[in-house]
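*Asks:* Here's my sequence, what's the structure:
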Amino acid sequence: MNFDKINNLKIELDSLRPLPAAGVRNLDEIYRVEWTYHSNAIEGNTLTLLETKLVLEEGLTIGGKKLREHFEVINHAEAIHYVKDIVNRELALSEYVVKSIHQLVLRNIDDNA
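*Replies:* Numbering: from 1, shown residues only. Below is the predicted model of the structure:
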């Protein structure tokens with residue numbers, strides 16, 4: 001496998017460092033929305049990328065969509081935030097942390113909904 005393109009992109013990114021704080025926050029928000037959208041989409045969630053963004057950023061409920069799908073979006077984003085906090089605090093990955101992530105992802109979700 002040829003990693004030249006990846007290596008060149010990494011070099012280009014490194015040349016831009018340090019990134020401005022506002023740029024980092026903007027990238028963080030974009031990735032949070034897109035990561036949440038794609039993760040939920042592969043699990044069958046029918047919210048579009050734009051709808052996912054509206055749920056996360058505006059707190060809107062999308063007509064014609066299941067409440068469960070809204071909770072899947074909200075919960076996933078909260079789980080991302082929790083994992084980032086664990087990493088930033090350099091805490092060990094323990095059974096408690098894994099169960100906490102699982103609990104966040106499934107909060108307010110009924111298997112029959």
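
*Asks:* drop to CA atoms for contacts and neighbour counts, all remaining ones
*Replies:* Noted.

*Asks:* pLDDT below threshold where in this structure?
*Replies:* The chain contains residues with pLDDT under 70 at 1, 112-113.

*Asks:* For it, just list every one of the helices.
*Replies:* 4-15, 21-41, 49-58, 67-88, 95-106 (DSSP state H).

*Asks:* Tabulate those helices (JSON lines), appending mean neighbour count.
*Replies:* Putting the helices of the chain into JSON lines (neighbours: other CA atoms under 10 Å) gives the following:
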{"stretch": "helix 4-15", "mean neighbour count": "11"}
{"stretch": "helix 21-41", "mean neighbour count": "15"}
{"stretch": "helix 49-58", "mean neighbour count": "17"}
{"stretch": "helix 67-88", "mean neighbour count": "18"}
{"stretch": "helix 95-106", "mean neighbour count": "14"}
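
*Asks:* For D4, see how far away the closest residue to I80 other than its chain neighbours is.
*Replies:* Excluding the flanking residues, the one nearest I80 by CA to CA, 6 or more residues apart in numbering is R32, at 7.5 Å. Distance of R32 to D4, computed by CA to CA, to the nearest Å: 28 Å.

*Asks:* Over to V97?
*Replies:* Taking CA to CA, one finds V97 at 37 Å from D4.

*Asks:* Also R107?
*Replies:* 43 Å.

*Asks:* Same question for S15.
*Replies:* Taking CA to CA, one finds S15 at 17 Å from D4.

*Asks:* for A77, same thing?
*Replies:* Using CA to CA, one obtains 33 Å as the distance from A77 to D4.

*Asks:* If anything else comes up later, I'll come back, but that's it for now.
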